[in-house]
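K.L.:
Could you look at this predicted model? Sequence included:
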Amino acid sequence: MTRGAASTKKSAKRLRFGPSLRIAIALTALLAARLHAAESPTLVVQREHTSLERRVDGTIEAVNQGTVSAQTSGRVLEVLYDVNDFVPAGAVIIRLGNTEQKAGLEEAQAALTEATAREGEARTRFDRVAGLFEDRAVSRQQYDQALADRDAAGARLAAARAALAAAREGVSYTEVRAPYAGVVTRRHVQVGEAVRPGSPLMSGLSLQYLRVVVQLPQSLVERVRAIHKAAVYIDGRRVEATRLTLSPQASPESTSFLVRLDLPENAADLYPGMFVKAAFVIGEAERLLIPAGALVERSEMTAVYVQTVDGRFVLRQLRLGHRYGDKIEVLAGLEQGETIVTDPLTALEQLRAPSGKLRNDAN
């Protein structure tokens, strides 16, 4: 038995493999023994300081979500969007009948025209009476009356302008617009229905800004509040939280604290209602980390090429932990100080070469 095969057998004892995996490891190790250390990029495995995290179940929700309600009375004339439709910000989603509102607008415009004319007349009359008062041609009572008429006309003009603005606002309420860009989740009315102020019309949410809601145990609150750092894990991917918001009081029922973790804008493949793992940093720990690119996947086996004492390389199965950026934690199968191949593709090319060595593209 060669020294490389003996090293492979010793490594296999560290983890319990099934018969099929043992055969796969043995065959691959036999081929891998042809590799030489100087011909492949390598790395000496070392422990690194990483964050110590405590994981808690959480649920994703949209920061912007709600129901748009009617602000005026009317009959639904048109519904322009339906469930699952994307709505741009400010787009008209529902149109209501506006006959009554337009009539009110025309009345307000007429009242403004009259108030403008009355105010102009009162101002002209006051200017004339003021001139006569200076020449002592009119009494003080007449002067005061002209002044009061002018001020009253000015007040009526201001009221007419406010009424016109309100009437225009009432007409604008007949075109219900989306407050932000998002997706329609529910439609509450149909064409022809009569609505009044406060009637729900359409519900939706925005996927631009998402957050994770977590019930944090009381035992972790103080450390989380002090470090104030967390991330979200989903499908093996780590997403750093941009902001943490901790409730100032615990829930009376569970004695846990509500925590909200804001996610980066437009987070990919994340949707409201999904369950995720929220990881709160509570300290530091040393972990054995290797580059994720050094891993080799063979059926159900995940392994790396490890250098033996005689300078050869063998394939060794690993048991992995969590991922930290472009590195992954090794729980079993490797020891600190061992050397691994960081580019398994180079190793594969070397195995395929007729001489068992790396091919030279220049030849």
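P.N.:
Received, thanks. Not measured: the values here are computed from a predicted model.
K.L.:
Is the residue nearest to residue 256 when sequence neighbours are not counted within a helix or a strand, and which one?
P.N.:
Counting by Cβ to Cβ, 6 or more residues apart in numbering, residue 215 is the residue found nearest to residue 256 once chain neighbours are left out, at 4.2 Å. The C-beta positions use only the backbone N, C-alpha and C, and glycine is treated the same way. Applying DSSP states H and E as the criterion places residue 215 in strand 210-216.
K.L.:
re the thing from before, the residue nearest to residue 256 contacts residue 258, correct?
P.N.:
Yes - Residue 215 is in contact with residue 258 according to Cβ atoms under 8 Å; the separation is 6.4 Å.
K.L.:
which neighbours do those two share?
P.N.:
Shared between the contact lists of residue 215 and residue 258 (criterion: Cβ atoms under 8 Å, 6 or more residues apart in numbering) are residues residue 251.
K.L.:
quick one: the residue located most distally from the centre of the chain from residue 145, how far?
P.N.:
What lies farthest from the middle of the chain is residue 137; by Cα atoms, centre = their mean that is 77.1 Å. Going from residue 137 to residue 145 by Cβ to Cβ, to the nearest Å gives 15 Å.
K.L.:
Over to residue 257?
P.N.:
For residue 257 relative to residue 145 (Cβ to Cβ), the value is 70 Å.
K.L.:
which regions of this structure sit below the pLDDT cut-off?
P.N.:
1-40, 325, 346-363 (pLDDT under 70).
K.L.:
For the most centrally placed residue in it, list the residues it contacts.
P.N.:
For the chain, the residue sitting closest to the mean C-alpha position, by Cα atoms, centre = their mean, is residue 210 at 3.1 Å. Counting by Cβ under 8 Å, 6+ apart, residue 210 touches 60-63, 262-263, 267, 270-272.
K.L.:
Next, the contact list for residue 206, please.
P.N.:
Taking Cβ under 8 Å, 6+ apart, one finds 62-65, 180-183 in contact with residue 206.
K.L.:
filter those residues to the buried ones?
P.N.:
Buried by 16 or more other Cβ atoms under 10 Å: 62-63, 180-183, out of these.
K.L.:
Nearest to residue 114, out of those residues: which one, please.
P.N.:
The shortest approach to residue 114 among these belongs to residue 180, at 40.9 Å (Cβ to Cβ).
K.L.:
you'd agree that closest one is in a helix?
P.N.:
No - read with DSSP: H, G, I helix; E, B strand; the rest coil, residue 180 is coil and lies in no helix.
K.L.:
There's contact between it and residue 89 in this structure, I believe.
P.N.:
Yes - counting by Cβ under 8 Å, residue 180 touches residue 89, with 5.1 Å between them.
K.L.:
Double-check residue 48 against residue 285; I have them as touching.
P.N.:
No - taking contacts as Cβ under 8 Å, residue 48 lies outside contact range of residue 285: 9.8 Å.
K.L.:
Would you map the helices across the stretch 51-200 of the chain?
P.N.:
99-134, 140-172 (DSSP state H, counting those that start in this stretch).
K.L.:
list the buried ones in the last one?
P.N.:
Right, the one you point to is helix 140-172. Neighbour-count burial for helix 140-172 [16+ other Cβ under 10 Å]: 143, 146, 149-150, 153, 156-157, 160, 163-164, 167, 170-171.
K.L.:
so it versus helix 99-134, what angle?
P.N.:
Relative orientation of helix 140-172 versus helix 99-134 (axes from the mean of the first three to the mean of the last three Cα atoms, to 10 degrees): 160 degrees.
K.L.:
Contact partners for the residue nearest to residue 44 when sequence neighbours are not counted?
P.N.:
Closest residue to residue 44 apart from its sequence neighbours, by Cβ to Cβ, 6+ apart: residue 339 at 5.3 Å. Remark: with contacts taken as Cβ under 8 Å, 6+ apart, residue 339 is in contact with 37, 42-45, 306-307.
K.L.:
Would you list the buried entries among these?
P.N.:
Buried among the contacts of residue 339 by 16+ other Cβ under 10 Å: 42-43, 45, 306-307.
K.L.:
Over to residue 220. Which of the three states is it?
P.N.:
Going by three-state DSSP: residue 220 is helix.
K.L.:
related to what we said a few turns ago, the contacts of residue 210 in strands, which ones?
P.N.:
60-62, 262 (DSSP state E).
K.L.:
Would you mind giving those as a markdown table with distance to residue 295 added?
P.N.:
Listed next are the ones in strands among the contacts of residue 210 as a markdown table, based on distance: Cβ to Cβ, whole Å:
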| residue | distance to residue 295 |
| --- | --- |
| 60 | 29 |
| 61 | 34 |
| 62 | 35 |
| 262 | 32 |
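K.L.:
Could you turn the buried ones of these into a ChimeraX selection?
P.N.:
Burial among the ones in strands among the contacts of residue 210 is assessed by 16+ other Cβ under 10 Å; the matching ChimeraX selection reads:
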select :60,61,62
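K.L.:
Nearest residue to the residue nearest to the centre of the chain in space, ignoring adjacent ones along the chain?
P.N.:
residue 263 (4.7 Å).
K.L.:
Fine, thanks again, bye for now.
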